[in-house]
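Chemist: Dropping the sequence and predicted coords here.
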Number of protein chains: 2
Amino acid sequence: MANVSAERGRSTRQRLLDAAVALVPEVGWSGVSTRLVAERAGVAPGVVHYHFASVTDLLVAAGLGVTEALLGRLATELRARPDIGEAVEWLLGELSRYSGTDPASLLLVEMFLAATRLPELRERLGEQVGRFRAMVASWLVERGYQGDPAVAAALLAASIDGIMLHRALDPGLDPAALGGPLRAMLGKGAPS
Amino acid sequence: MANVSAERGRSTRQRLLDAAVALVPEVGWSGVSTRLVAERAGVAPGVVHYHFASVTDLLVAAGLGVTEALLGRLATELRARPDIGEAVEWLLGELSRYSGTDPASLLLVEMFLAATRLPELRERLGEQVGRFRAMVASWLVERGYQGDPAVAAALLAASIDGIMLHRALDPGLDPAALGGPLRAMLGKGAPS
DNA sequence: TAAAGTTTTGGACGATCGCCCAAGTCGAAT
DNA sequence: ATTCGACTTGGGCGATCGTCCAAAACTTTA
């Protein structure tokens, strides 16, 4: 039978995934090494290559797991809000809760860059982002957005990630203050 | 006397800086090694540590040089445009000319992440970004922007970088198409 | 031309890397 | 109690890392 310890508490595999997620923001995507992640997970170095074919495989699996969870959470939260303006406010409020060096936001940016050099990650992460944009677009339409919803969704997603990126450099930047122009952006359709 | 070869053609030091700039988008910030950059520059491996105290020092100097030049160019171009909407159009047009894996845009993102773990880079890059935001803010005021110019500048800068980031993942994303909502964002002041 | 200074060379050093594996541990099935 | 398969251990392998340095090559000064 398969691993039994998987049913009680976090399995070794999950411990490795969690350790990888925690380490990427600390030492960077390529700074995560076999021994480092094993030490963080509290296991022997060799165990990494028993559960994963390579360190890269571990990082890809760990990263995509986090983004998939984030995606689901955002979809649920957005759907629960009937008004676009209020949803934007909530979104920026969430961003405010992150410190500039927050693991989650830095992980996402690291993944974007890593995807540039890893075709498999690029494809799978691109698929996730595409799904997110599609979800936001239909969400905008349902709430009466009058412009091109695909364009607005793409710009909104890019803006959110850009704010995360700038906060990594300047934690003093307050996302909540950006609500004005951001709501203005979604308040009317595309002119030309 | 000081290096004379610096006066005729690119000095060895400049060749190293150029090689580093070209390599960062290819192999990542931490993927740039002594031997790699020396080979790309066409010099012996040891020369790197003659001109720079460490590879990190080389990368910081190379990166800040590029961003400083970019900053100056953007300032000049923006000042030459009297209308906000037209300037946004030009900005997005410039972004369109980059492929998703364009060296310049990827370098900037790599620097943001590296700055997270390098206090000196963080401070100097943060100062540059701050100067850029201040420049854009006063530029907006001169052109009659009615909202909080600092907020708009911060959001505009973050959005631009976010678009770059998303284009790294999805080169099919067309920046020019985002002009509508982006102009809407800058077309009115902050409501509340 | 000789001496002094500057720049370049190519390899040495110890540390760490990813990946691999023979041996050991442990629970489940017989 | 014994066998078996899943899992873990800790170290070995060759490669590459950042850094350093003595010697060679080149430039400028005297």
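Modeler: Received it, and whenever you're ready, just let me know what you need. Residues are numbered from 1 along each chain as shown, chains lettered A, B, ... in the order given.

Chemist: Just give the nearest non-adjacent residue to residue A:182, would you?
Modeler: Residue nearest to residue A:182 in three dimensions, not counting chain neighbours: residue A:88, with 5.5 Å by Cβ to Cβ, 6 or more residues apart in numbering or on different chains. All C-beta spots, glycine's among them, are computed from the backbone N, C-alpha and C.

Chemist: likewise residue A:42?
Modeler: residue A:15 is the one closest to residue A:42 (Cβ to Cβ, 6+ apart), at 7.0 Å.

Chemist: and that neighbour, how many neighbours does it have?
Modeler: Number of residues near residue A:15 (other Cβ atoms under 10 Å in any protein chain shown) recorded here: 19.

Chemist: and the residue of chain A found nearest chain B, how many neighbours?
Modeler: Nearest residue of chain A to chain B (Cβ to the nearest Cβ) works out as residue A:162 at 2.4 Å. By other Cβ under 10 Å, the residues close to residue A:162 number 25.

Chemist: got it, and the one 3 residues further on?
Modeler: The burial metric for residue A:165, expressed as a neighbour count using other Cβ under 10 Å, is 24.

Chemist: So residue A:106 is in contact with residue A:168, correct?
Modeler: Yes. The pair residue A:106 / residue A:168 is scored as a contact, 6.0 Å apart, by Cβ atoms under 8 Å.

Chemist: overlap in contacts of those two?
Modeler: Counting by Cβ atoms under 8 Å, 6 or more residues apart in numbering or on different chains, the contacts common to residue A:106 and residue A:168 are B:113, B:116.

Chemist: can you give me the angle the worst-scoring helix or strand of chain A on mean pLDDT makes with helix B:179-187?
Modeler: Lowest mean confidence among the helices and strands of chain A (mean pLDDT, DSSP states H and E): helix A:179-187, at a mean of 88. Taking axes from the mean of the first three to the mean of the last three Cα atoms, to 10 degrees, one finds that helix A:179-187 is oriented at 140 degrees with respect to helix B:179-187.

Chemist: And for residue A:144, the neighbour number?
Modeler: Number of residues near residue A:144 (other Cβ under 10 Å) recorded here: 8.

Chemist: Let me know the secondary structure of it.
Modeler: Following DSSP: H, G, I helix; E, B strand; the rest coil, residue A:144 is assigned to coil.
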